[in-house]
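Asker: below is the sequence, then the predicted model.
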Amino acid sequence: MKIYTLHKTQKLPISPEKAWKFLSNPKNLKIITPDYMSFNIVSPIDRPLYTGQIIQYIVTPLLGIKTKWVSEITHIEDKKYFVDEQMYGPYSLWHHKHFIKEIEGGVEMEDIIDYKVPLGILGQIMHPILVKPKLEEIFSYRQKKLIELFGKYK
């Protein structure tokens with residue numbers, strides 16, 4: 001069983017409170033997800049993020065194939081980090097940690113995603129060809145979108 005890790009950091013010129021308010025609101029995922037993925041939350045989001053929260057999405061990650069994705073928020077420390085884990089979806093494992101750290105002039109945001117692709121050896125063969133490049137593209141889009149929204153860190 002091969003587990004991959006994607007690690008991204010980004011600095012933004014905003015307060016930890018502002019970063020937390022944006023990142024901990026599941027509705028904002030649509031804003032920082034490429035349009036071609038047709039990201040849509042299908043479960044009601046009527047309160048701030050909380051441990052045990054289940055969020056259901058429909059997303060089109062590859063080849064126009066709609067996929068249901070169900071995540072659970074498993075850990076939260078207010079204004080510092082939260083963890084979402086895929087309960088159902090395209091990956092055999094998806095564990096995504098979101099950290100916010102105050103730095104001089106803003107915040108450093110860190111994403112650490114541990115994931116496993118399905119389909120055994122076929123999935124491992126497809127990982128460097130299809131899966132990893134797609135994840136890099138999605139997180140690159142997120143970084144650019146966050147700069148558009150909040151400005152570039154100096």
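Answerer: In hand now; what should we look at?
Asker: what segments of the protein are strands?
Answerer: Ranges of strands in the chain, per DSSP state E, are 4-12, 40-41, 54-59, 67-77, 81-88, 93-103, 106-116.
Asker: can I get the ones you listed in TSV with mean pLDDT?
Answerer: Listed next are the strands of the chain as TSV, based on pLDDT from 0 to 100:
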stretch	mean pLDDT
strand 4-12	98
strand 40-41	94
strand 54-59	95
strand 67-77	97
strand 81-88	97
strand 93-103	97
strand 106-116	98
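Asker: for Y153, see how far away the spatially most central residue of the chain is.
Answerer: Compute the mean C-alpha point of the chain, and by C-alpha atoms, centre = their mean the closest residue is H96, 6.6 Å away. Here the criterion is C-beta to C-beta, to the nearest Å. By it, H96 lies 22 Å from Y153. Where C-beta positions appear, they are placed from N, C-alpha and C, glycine not excepted.
Asker: that older thread, nearest to L146, of the strands of the chain?
Answerer: Closest approach to L146 among those (C-beta to C-beta): strand 4-12, 6.1 Å.
Asker: quick one: buried residues of that closest one?
Answerer: Y4, L6, Q10, K11, L12 (16 or more other C-beta atoms under 10 Å).
Asker: which elements pack onto that strand?
Answerer: strand 106-116, helix 132-150 (3 or more C-beta pairs under 8 Å, 6 or more residues apart in numbering; DSSP states H and E).
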